[in-house]
Each structure stands twice: as C-alpha cells, then as structure tokens.
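Novice: Quick one: sequence and predicted model below, then my questions.
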Amino acid sequence: MAVHCKGRREEAERVSSQIEESCVLMADVRIQADAEAMVGEVLKRWRRLDVLVNNAGITRERLLLKTTELDFDDILNTNLKGPFHLMRAAGHAMMVQKSGHIINISSYAGIKGTAGLSAYSASKAGLIGLTKTAARELIGYNIMVNAVLPGYMLTDMGADSSEMAREMARAEGLVPDFSLPDRAAEFICSLAESSGISGQVFNLDSRII
C-alpha cells in the first residue's frame, strides 16, 4: 500500500509503519506530472494498482462574496483537479489489468451546499459528477468508481471550522454525534473489496441527502 502526502511526512510515516508492505510517496496532486509519477512508482513496486482512494482535500470557511479567486482556484485544484489527475493515471493502469476500484471522498456539502463553503461545496459537487461519469465510462473494464461522504469529523479540517459550522452539522443529523474516522475507514475498506457496486454515493452519517 502507498500512503500519499504532500507535506507532513512524519505523520504519513507513522501511518505507513502500521501497514505491512507499505511506503510513503510525496506528491502534489494538483500537478499532473506529480500524480503520474506517483502512480508510476506504485506500478514499479507492485506491478498493479487495485484501489485508488482520493482523499486529499482543503477548505477555507468564507462567504461567497469574500472568497477570492485565489481561494477558489486553490480549493478546486486540490479537491477536484487532483482526483482528476489521479483517476486518469490510475485508470490507464486499471484498464490494462481489467479491474480496479476508485473511491472518491466527497462531502455532504457537495450535495446540500453549506454556507461559508462555496468553493469547497463546488469542488465536492464536481467530484460527485466526475465519479458518476467515470463509473459509466470505466465499467466496461471492470473498474468500479464510487464516492463516499464520510460525514462531519473532528479531524484537523473539522476542528478548524467555526463553532457555528459544527453546531449546524450536529443539528442537521438525526443522530447528534459526529462521524468517526475509524468507522469511515472500515466502510471504505469494505467498499474497496466489493464488486458489482459502481456509480454510487454513500453517505456515512445521519444527515439526510
């Protein structure tokens, strides 16, 4: 397994140390050459690529009228263009082996929209559209493509959000608990091992979509 990071390599190394036969690969997924080089390194080490999980994401909590063009571009380039680059690179390898599973980590905000997250919501909505289109295009090669909405988590991104955003997420859920990364990871691993499921969007918390 390859664990990707753009920075914070020490944290990535700690994750990798808990996984047998894993390594850390650094890349800026916003750059096509970096994405292609990372996929190439995976193929060099393992000679195949079975699962791609697109999980890189950033956000900035600002109202639409206060979101700058730079903010918008940074978020779209990471959250949408990054997965696009990796799906293209991984898709070619999976087409050759006639199997594979691509799992894109989107967001509830990409379906319902969230005040203060215009660029983030747009990027995650775009990722859902990209997921459904790729699912149609790649099914002939036995490649599954799905999206997962992991729910509101108190990860670095979630913890940095405003108190209003956290309370809104809690109020919208039928169950007043935030999502847990471990549960999301378990679901993603289970989905990666499944077959016959493609083009779907899985919501992992109790907010109704």
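Specialist: Now that the structure is in, tell me what you want to look at.
Novice: What is the neighbour count of Asp182?
Specialist: Applying other C-beta atoms under 10 Å, we find 8 residues neighbouring Asp182. For the C-beta atoms, the positions are set from N, CA and C on the backbone; glycine is no exception.
Novice: in which helix or strand would I find it?
Specialist: Using DSSP states H and E, Asp182 maps to helix 181-192.
Novice: Give me the sheet partners of the next helix or strand after that helix and which way each runs.
Specialist: Next in sequence after helix 181-192, counting helices and strands by DSSP H and E, comes strand 201-203. Using DSSP bridges, strand 201-203 pairs in its sheet with strand 143-149 (parallel).
Novice: what's the partner strand in contact with?
Specialist: Outside strand 143-149, the residues that touch it by C-beta atoms under 8 Å, 6 or more residues apart in numbering are 87, 91, 94-95, 99-108, 110-111, 127-128, 131-132, 134-135, 138, 184, 187-188, 191, 194-205, 209.
Novice: hmm, try it at 6 Å
Specialist: For strand 143-149, the external contacting residues (C-beta atoms under 6 Å, 6 or more residues apart in numbering) are 94, 100-108, 128, 131, 134-135, 138, 188, 198, 200-203.
Novice: Tell me which of these fall in helices.
Specialist: If you go by DSSP state H, the contacts of strand 143-149 have Met94, Ile128, Thr131, Ala134, Ala135, Leu138, Ile188 in helices.
Novice: returning to that earlier point: just the buried ones from the contacts of strand 143-149?
Specialist: 94, 100-108, 128, 131, 134-135, 138, 188, 198, 201-203 (16 or more other C-beta atoms under 10 Å).
Novice: Would you point out the most distant pair within the ones in helices among the contacts of strand 143-149?
Specialist: Met94 and Ile128 (20.2 Å; C-beta to C-beta).
Novice: Any chance of the backbone angles for Ile197?
Specialist: phi -120, psi 120 (degrees, to the nearest 10).
Novice: That one: neighbour count?
Specialist: Neighbours of Ile197 using other C-beta under 10 Å come to 13.
Novice: Likewise for Pro83?
Specialist: Neighbours of Pro83 using other C-beta under 10 Å come to 30.
Novice: quick one: pLDDT of it?
Specialist: You'll see Pro83 listed with a pLDDT of 97.
Novice: Which strand or helix spans it?
Specialist: helix 82-97.
Novice: chain center to that helix, what's the gap?
Specialist: 14 Å (C-alpha atoms, centre = their mean, to the nearest Å).
Novice: just checking, what packs against that helix?
Specialist: Identification of packing neighbours for helix 82-97 by 3 or more C-beta pairs under 6 Å, 6 or more residues apart in numbering; DSSP states H and E yields helix 32-46, strand 51-54, strand 100-105.
Novice: would you turn these into CSV with mean pLDDT and distance to Val3?
Specialist: As requested, the helices and strands packed on helix 82-97 are exported to CSV (pLDDT from 0 to 100; distance: least, C-beta to C-beta, whole Å):
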stretch, mean pLDDT, distance to Val3
helix 32-46, 95, 11
strand 51-54, 97, 10
strand 100-105, 98, 15
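Novice: can you put the ones you listed in JSON lines and add distance to Lys81?
Specialist: Below are those laid out as JSON lines (distance: least, C-beta to C-beta, whole Å):
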{"stretch": "helix 32-46", "distance to Lys81": "9"}
{"stretch": "strand 51-54", "distance to Lys81": "11"}
{"stretch": "strand 100-105", "distance to Lys81": "13"}
